[in-house]
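Student: Here is my input; please provide its structure:
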Amino acid sequence: MTIDDDKRLAAQAAVAEVRDGMVVGLGTGSTAAFAIAALAARIADGLHIQAVATSEASAHAAFAAGIVVRDFADFATLDLAIDGADEVDARLWAIKGAGGAMLREKAVAAAARRMIVIADGSKHVAAIGAAKLPVEVLPFARAFVVAQLEILGATVTVRPDYETDNGNLVADCRFAAMPDPRALAAAIDAIPGALGHGLFLDEVDAAYIASRGVVTRLKRP
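Tutor: Predicted coordinates for the structure are as follows:
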């Protein structure tokens, strides 16, 4: 089994929870791409759903696969969101955003009645904090936000020649330790010009983790 095989199995397990008539949020990244493919296969077999996407790339991929894609701006609530993660632990705390879509992903996750994370076993960790934490930054406030993130203990790298679908920058933050993710999330939220970050501490309701062909379902305690 390869990592891609595990990603595919996790995605298929999550997509099995989709029911006729749902509005489904589609994530961004390599694992979410497997969910789009699995959902398209179910639609080809007769499933009827609508989807919203967390990035232009996912929207294009979903549309090309035959999925009805709507504008999230028209939806106050969704039935389900399915997305990948850079790290997820037993508390169902996650770090997301390697694909640069964490602000849109968080909005979609918050609107969804349930959010499912899908991942291969390498993303399942004892406690989140080793992965880079991306922060979406208003370009106007770049230097100020970077300085504030450094005060919080981050080693910050602004992605060169990169712009989010919202027209913003991404600052990738490395922390030597992350003993209190909730306090860190609140501190980043309080920085004017920091528009969103990849700490998902309350959004994830379940996770499908596939490792060497075996899929495990985690539920929020």
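Student: ok, so what distance separates Glu150 from Gly97?
Tutor: Using C-beta to C-beta, to the nearest Å, one gets 19 Å for the distance from Glu150 to Gly97. C-beta here means a position set from N, CA and C on the backbone, and glycine is covered the same way.
Student: Which one of the two is surrounded by more residues?
Tutor: Remark: of Glu150 and Gly97, Gly97 carries more neighbours, 29 against 13, as counted by other C-beta atoms under 10 Å.
Student: residues touching Ile128, list them.
Tutor: Residues near Ile128 by C-beta atoms under 8 Å, 6 or more residues apart in numbering: 87-89, 93-95, 178, 181, 199.
Student: Could you list which of those belong to strands?
Tutor: Using DSSP state E, the subset of those located in strands is 87-88, 94-95, 199.
Student: what's the helix ranked longest in the chain packed up against?
Tutor: Ranked by residue count, the top helix of the chain under DSSP state H comes out as helix 30-44. Helix 30-44 makes packing contacts with helix 3-15, strand 23-26, helix 56-64, strand 80-83, strand 115-120 when contacts are defined by 3 or more C-beta pairs under 8 Å, 6 or more residues apart in numbering; DSSP states H and E.
Student: To Arg212, which of the ones you listed lies closest?
Tutor: Each of these has some distance to Arg212 by C-beta to C-beta; the shortest is helix 3-15, at 7.1 Å.
Student: and the closest one, which residues are buried?
Tutor: Counting neighbours by 16 or more other C-beta atoms under 10 Å, one finds that the buried residues in helix 3-15 are 3, 6-15.
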